[in-house]
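> What would the 3D arrangement of this be:
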Amino acid sequence: MAVSEVSLKLLIDTKNEKVLFAEASKDFIDFLFNLLSLPMGTVVRLLQKKDMVGCLPDLYKSIENLNETYMQPNASKDVLLKPKVATPASGFRLLLTDVASTTTKVYVCKCNNSNYSNPYASHDPNTICPRCSNRMAYEVKFVDSRGVVTYMVMDDLVVTPMSTISSISLLNKFNIQDVGILQEKNVTMGMDEGLKLLKESLQSKSVLTKTFLGNSKIYSD
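Have a look, this model is predicted:
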């Protein structure tokens, strides 16, 4: 099932009004890593209404307005405007609500439920099972074997595994002498926050601060 929103915990330096880091789950990390797989056409389409800088939105608009007669035969503008996006088996689709995905699926035949030592599998549900000659139309459900893992995400989106030692080292790195200035804040990232994070990741080194704090006062929860 696709995830529509994710939660994360921010550690905020209230004195400098800055996010030091976020404590995040695998879903948020999947989202961040999948930003690198987005085609440029998808990025422009997602951000063109978010004051995206540069001329790529103009190029995108010109392709939208281009008459189909100028395209190659059997070619569609959607290949550029709405390209397919590879998504993980977990189905995390926070931003890409209307984009076709190329998620890899695995199918087996029902005879695999029997006591056979060498089961067959296929990516095509229309494949004929070499053992029983039936279609291999039963989709195998993906199970993540990594369990619950927590990650630390810096303001500039650097990702590392979460640990007590790394948290303490980070406080020393930022020269935090008074822990009283630190504040924890739970936030939820949905569609709007996801788009803002994508935009800020292209033009800022303070992505979490600008996405979740903005210009608002951080002292009141």
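
> Could you list which residues are in contact with the residue lying farthest from the centre of the chain?
In the chain, residue 132 marks the outermost C-alpha relative to the chain mean, sitting 40.1 Å out by CA atoms, centre = their mean. Each residue near residue 132 by CB atoms under 8 Å, 6 or more residues apart in numbering is listed here: 109, 111. Any C-beta I mention is one placed from the backbone N, CA and C, and that applies to glycine too.

> so how far is residue 124 from it?
17 Å (CB to CB, to the nearest Å).

> State the three-state secondary structure for the residue nearest the centre of the chain.
Centrality entry for the chain: nearest residue to the mean C-alpha point is residue 31, 1.7 Å, by CA atoms, centre = their mean. Here residue 31 is helix, with the state taken from DSSP: H, G, I helix; E, B strand; the rest coil.

> and if you look at the one 3 residues further on?
Residue 34 falls in the helix class when you classify it by three-state DSSP.

> pLDDT value on the residue lying closest to residue 179 once chain neighbours are set aside, please?
Computed as CB to CB, 6 or more residues apart in numbering, the closest residue to residue 179 that is not its neighbour in sequence is residue 171, at 7.7 Å. Residue 171 is assigned 83 on the pLDDT scale.

> Give me the distance from the helix or strand hosting residue 171 to the chain's centre.
For residue 171, the element it lies in under DSSP states H and E is helix 164-173. Chain-centre distance of helix 164-173: 26 Å, with CA atoms, centre = their mean, to the nearest Å.

> contact partners of that helix?
Contacts for helix 164-173 (CB under 8 Å, 6+ apart): 20-21, 152, 160, 179.

> Contacts made by the next helix or strand after that helix with the rest, please.
Using DSSP H and E, the helix or strand that follows helix 164-173 in sequence is strand 182-189. By CB under 8 Å, 6+ apart, the residues outside strand 182-189 that reach it are 5-14, 20, 28, 31, 94, 176, 193, 197, 211-212, 218-219, 221.

> 10 Å - rerun?
Here strand 182-189 makes contact (CB atoms under 10 Å, 6 or more residues apart in numbering) with 5-15, 19-20, 22-24, 27-28, 31, 94, 171, 174, 176, 193, 196-197, 208, 211-213, 218-219, 221.

> sorry, back to before: state whether the residue farthest from the centre of the chain is indeed within a strand.
No - Residue 132: not assigned to a strand; according to three-state DSSP it is coil.

> Now it: phi and psi?
Dihedral pair for residue 132: phi -120, psi 0, per degrees, to the nearest 10.

> measure it to residue 139 for me?
Distance from residue 132 to residue 139, by CB to CB: 18 Å.

> what do you get for residue 28?
According to CB to CB, residue 28 and residue 139 sit 26 Å apart.

> The two - which one has more neighbours?
Remark: of residue 28 and residue 139, residue 28 carries more neighbours, 22 against 11, as counted by other CB atoms under 10 Å.

> now the helix or strand where the more buried one lies and strand 182-189, what's the angle there?
Using DSSP H and E, residue 28 falls within helix 26-34. Angle, helix 26-34 to strand 182-189, by axes from the mean of the first three to the mean of the last three CA atoms, to 10 degrees: 70 degrees.
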